[in-house]
Structures are given as C-alpha cells and as structure tokens.
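[1] Structure for the following, please:
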Amino acid sequence: MRPPALQDNLLRAALHPDREVAERAAEAWADAVDLDTLDFGSVQLLPMLTARPDPLPIGEQLAAQITNVSRVTWLRTESHARMIAPSIGDLRKAGCDPVLMKGGALVYGHGVPARLRPMFDVDVLVSPDKISEAAGLLIDRGFKARDAAGLRKGEPRLITMKHGEEFSRGEGVSIDLHWSALHSMRRPELAASLSEHAVPCTIAGAECRALGRADLLAVTIAHAADPWRDIRERWVGDCVLLVRGHEQEIDWGLFASRGRDWRLAHQMLEAFEYLADVAEVELPAETRRALAACPVPLAVRARRRRKPAEDGTPAVAGKLARVIEDYEMEIADRAPLGAKTGAGDFADFFVRRQGLGRRRELAGELAFAAAGRPWRTRRKLCALVGRSSGPGADAESWPRYELGSEIRLGGEHARGEFLVNGWWFPEDFGVWSRGKISRVRLGLGSPLEGGATLAFGIRAPLAESHPEVVVDVVVNEFRLAHLTLDLEHPTTSTTIPIPAEALAGKRGIEIDFVVDKTGIPAELGLAPDLREIGIGLGELTISAS
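    Predicted coordinates for the structure are as follows:
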C-alpha cells in the first residue's frame, strides 16, 4: 500500500497537516522531481499541492510549472465532463441508472472541487443485466470499445470474467463502463448493493447518481489493494478528500461490512495505517476492531511473505502461489458476499480447475495426471466398469455445432458458448487458456458414422525463460496430437484426423487442450498481464471425412 519515496514525499507535502513535516517533504520532492518524466498518479496530485493555504518551499519556477499543469488538467476535467454529460443523461433516460465512480463520484457526487481531482475519463457503474442496453446506446452514439459487439449481445463470458470496458470517441471522450465496481469480484448482487446506497448528483447538468461516501472509500482502497494494478499514490489523495472534514458523514459500519464482504478487511487496515502516517487521517476505533476481527484470505497471507520484483511490481513465485492467487480470484466471484470459505471451497476449486463434476472424482483425476495422463489405459478401465470414457447423454444439451463451420473464438463474432472450463474471456485474436487443462464442447445433431478432421490455430506466450510449451490435443479422451510451440514457431495452424472410434455413437465432441506448463506474461516481460495462461486458441473447425 506504500508508494515509492518520491511519491511518498509528494503526498506528505500535499496532505500532511503539520507544516514542518510538509516542508521537509516538499524540499526533498522538489530536489528529486523531473516534471517531464512525472508519473500519471503524481500529475493527478499536483493540484492538491498548490491548494495548500501555506505555500511550500519548492522554488518559483517549479511552482509556476505546477500551476500551469494544474490549470490544464482542470480545464481538461471540465471540458470532458461537458462532452460526456449527454451520454450519461441518455443512459439514465434509457433506464440504465448510471452511477458515477472514482473521480466523477468525488467531484460531482461529493462536492470535491474539480481543480483538486483531475479526470481523464469518467467511470460509470451499471447493473450487469443492463450491459447490453448500455453498450448498445454508447455504440449508437459513436463510441468504440474492443469488445463492443460481445457486450452489445450480452456475451456471458465477457460479463462474468471482466469488470468493465472502456468506450471512447474520436474527440478524446472516454467512458469506462463497469458492471462491477471491483476488479476481483463480479457478483451481480455487488452492483445492486452499491446502487442501494448511491446518492443523486448531476454532471454538467445531466442527472445521475454517485457511489455513497462509505462505498466510494471502500472501492478506492479495493483498487489500491489489487496487487496487480500499479496506481501508486493516486488512491491516497482520493481517500483524504473523502474523509478529512467529512468523518461524521461516513457510515463506518457500512464501510466495515464492505471489508468483510469483499475479503478486503486487512487491506483496509493497512491503507489507514498509511493514511494516518502520511496525512493524519484516522480510522475510528470501533471500525478498526471490526475489520481486525475478519479472517485474512490465504492469498493475502501469501502476498505478505512474497518479495516484489526489482522494479517494485508484484511477482508470483512457484506453482503453489499461482494456485492460491487463482483460487482467490475465483472464490471472490463465487462465494456469496460475506460468506466464510474453507477447505471445501478449495476442493471445489480444484474440481472446476480439472473440469470435473464432483469432489469424489478429484483423487482419481490427480492420480491420472501424476501418471502422465495415460488416456488409453483410462478408456480401458472405464470400459471394464461399464462407464463411457467420452461424452454421455448430457451431450445432447451442449451448444449445437454445424459440421464444417469455422468457430471464431475472438473478435466481433466470438463464439464463447462452446468454451467450458479453463478459458479466459474472448479477445481480438481469440481466447487464452486458463491453467493447464482447457475444454471445448460441441453438440451434434446426430452421431457421426465415420471419422472427421479437426483444424485449429493456437499460439503460446514464449520468452527466453519460457522457451516452449507442449500441447496435447485430446478428442473424446483419445490423444490425437502432441505439439510443441517454441521461440522459432510460437504459433501453428494444424489439421489432425479424428478416428471413427473416437466419435462412434457420440452426440458430442469434447476437445481438451492440455499444456505441460503455463506462464504469466508480466513475469515473462511480454505484457502487463498477470493472468496464468497456457495457449491462445483462435479458431476451430471440425469436418466430416
């Protein structure tokens, strides 16, 4: 929760009530800062530095530069609000009930002067069941988004695995449309609970609502506590603006309940430890006790022991740490708000991770993996006990597939309905696999009498430290290909035959992509992406022989 020394000095200079403390911090910051290379979060704090009633010793030239920067960002905020307001009003008229978040909520919902909180976009929360209408309205008004088509259709995988999407227009107007206020929790009842405590407001004349003060404080800390987001000191200024002078207006009981329900109680305590140090903003004693009594998630305990990378960014070291992070990411979405979780939830997570239906299958699946996944042996054992080794009667309910048609798994017409377990959300190129086992299920109108061919295109995230990925392609529990992607061949488009015995009598085709190891793009130096991924699947076609 603590930013680096340069940003820490800026915060103390801008926010600490003790003049001597602020002066020392201002002098240290002024000696080290270069406005030409200043980080984005610090730029957003400069207006708070100039707003102090007692000017600090930073030098006339630097003070003049900061004044100019502050004026430009203020004009940008006011201009952006005026350009965005008609679309916010349209969302309200369409029944989408837009609720402002972040800077928009601070300025237009809680009276923070626009000159103190620069904004470069407006974050808006709508209910998940209104995403299709909201996305369609913005698209019709000239906004563009990467996953615009899928959101307009209400693509379930997008809505369940993402928290929001940026919609932008040519003149620099941007709306971040959210259906979840948190990056780590996308439960539908979360948006409903936040909406219940939202307050009425207007933005440049357009009526809407904003997150309540306690909820906005909780959401701000939740974003800062996300270990994979680099927002540095920006959250500190927002919290001080929310709390200082408004302590009596905050529902501290609601704030504490958010910490418990969102699995963030101890991150909230850590946040206020820093707020007390840097700005003398204190947490009420009763609220502190309530938060301290909440259990600490396993992932949070693990992060405390983990050393960051040399550049200060988070790092996930080892398979167990990755599994714990993946579990925390998933359980936050699945567990009811405020529910206690335990060993049973962890077991269920592994059941889903392995693509199983019940806990009692887990031991056998783990033994199967430990034995090197001998598919032929498993088929023989299943036959001995009279159990089908491929898709059973439930295949009749799988999404129907027309033989010979290409399934695009990314872009404007992504077909996410065929993806079962082990996948992230669709992107422009296709979809990344999640973990080591990823499954596709295709329902057939009638069983195939002969064989078929499977054509697909895959890629892998590769680097010097992660030079190759081996992929087994398994159809109805018949392993048909053993492919290697390496630095010379990071992508492949492949066609493989499917024998008739793998399809005989089956009303469905189940395709497993099993990788030998996964990678995290941020740790490989490929992209600021901390998801655990195996391969990327772009398209897939099955044709009768």
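[2] quick one: which helix or strand includes the nearest residue to residue 62 once chain neighbours are set aside?
    Taking Cβ to Cβ, 6 or more residues apart in numbering as the measure, residue 62 lies nearest to residue 30, with 5.7 Å between them; neighbours along the chain are not counted. No exception for glycine: its C-beta is placed from N, CA and C like everyone else's. Here residue 30 sits within helix 19-32, counting by DSSP states H and E.
[3] what does residue 542 give?
    Residue-wise, residue 542 maps onto strand 533-544 under DSSP H and E.
[4] buried ones in that strand?
    In terms of neighbour count (16 or more other Cβ atoms under 10 Å), strand 533-544 has its buried residues at 533, 534, 535, 536, 537, 538, 539, 540, 541, 542.
[5] The residues you listed into TSV, with extra columns for distance to residue 125 and pLDDT?
    Formatted as TSV, the buried residues of strand 533-544 follow (distance: Cβ to Cβ, whole Å; pLDDT from 0 to 100):
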residue	distance to residue 125	pLDDT
533	28	89
534	33	92
535	34	94
536	30	94
537	32	95
538	33	93
539	34	94
540	35	95
541	39	95
542	41	94
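[6] Reformat the residues you listed as JSON lines; add distance to residue 61.
    Formatted as JSON lines, the buried residues of strand 533-544 follow (distance: Cβ to Cβ, whole Å):
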{"residue": "533", "distance to residue 61": "48"}
{"residue": "534", "distance to residue 61": "53"}
{"residue": "535", "distance to residue 61": "54"}
{"residue": "536", "distance to residue 61": "50"}
{"residue": "537", "distance to residue 61": "56"}
{"residue": "538", "distance to residue 61": "54"}
{"residue": "539", "distance to residue 61": "58"}
{"residue": "540", "distance to residue 61": "61"}
{"residue": "541", "distance to residue 61": "65"}
{"residue": "542", "distance to residue 61": "69"}
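[7] gap between residue 85 and residue 510?
    With distances taken as Cβ to Cβ, to the nearest Å, residue 85 is found 50 Å from residue 510.
[8] actually residue 381, sorry about that
    Here the criterion is Cβ to Cβ. By it, residue 381 lies 18 Å from residue 510.
[9] between these two, which one's more packed in?
    More crowded of residue 381 and residue 510, by other Cβ atoms under 10 Å: residue 510, with 20 against 14.
[10] Let me know the next secondary structure element after the helix or strand encompassing that one.
    Counting by DSSP H and E, the element that carries residue 510 is strand 508-515. Once strand 508-515 ends, the next helix or strand along the chain (criterion: DSSP H and E) is helix 521-524.
[11] same question for that next one, mean pLDDT?
    Mean pLDDT, taken over the full extent of helix 521-524, equals 81.
[12] residues of it that come out buried?
    Under the neighbour-count rule (16+ other Cβ under 10 Å), helix 521-524 has 521, 522, 523 buried.
[13] that older thread, so the strand holding residue 542 versus strand 508-515, what angle?
    With axes from the mean of the first three to the mean of the last three Cα atoms, to 10 degrees as the basis, strand 533-544 and strand 508-515 are set at 150 degrees to each other.
[14] that older thread, what sits up against the helix or strand just after the helix holding residue 30?
    Per DSSP H and E, helix 19-32 leads on to helix 40-50 as the next helix or strand towards the C-terminus. By Cβ atoms under 8 Å, 6 or more residues apart in numbering, the list of residues contacting helix 40-50 from outside reads 3, 6-7, 10-11, 13-15, 26, 33, 56, 58, 63, 66-67, 69-70, 73-74, 115-118, 231-234, 237, 241.
[15] Now the element after helix 40-50, going C-ward?
    Tracing the chain past helix 40-50, the next element assigned as helix or strand by DSSP H and E is helix 60-93.
[16] now the angle between helix 19-32 and that following helix, please.
    Here helix 60-93 points in a direction 100 degrees away from that of helix 19-32 (the same axes, to 10 degrees).
[17] Report the inter-axis angle for helix 60-93 versus helix 40-50.
    Taking the same axes, to 10 degrees, one finds helix 60-93 and helix 40-50 inclined to each other by 110 degrees.
[18] on contacts alone, who are the packing partners of the helix or strand that helix 60-93 is followed by?
    The C-terminal neighbour of helix 60-93 among helices and strands, as given by DSSP H and E, is strand 99-101. Contacting strand 99-101 under the criterion 3 or more Cβ pairs under 8 Å, 6 or more residues apart in numbering; DSSP states H and E are the following elements: strand 122-125, strand 206-210.
[19] highest average neighbour count across those?
    Neighbour counts averaged per stretch over the helices and strands packed on strand 99-101 are highest for strand 122-125, at a mean of 27; criterion: mean count of other Cβ atoms under 10 Å.
[20] what are the pairing partners of that strand, and which direction each?
    The sheet places strand 122-125 alongside strand 99-101 (antiparallel), strand 173-178 (parallel), with pairing taken from DSSP bridges.
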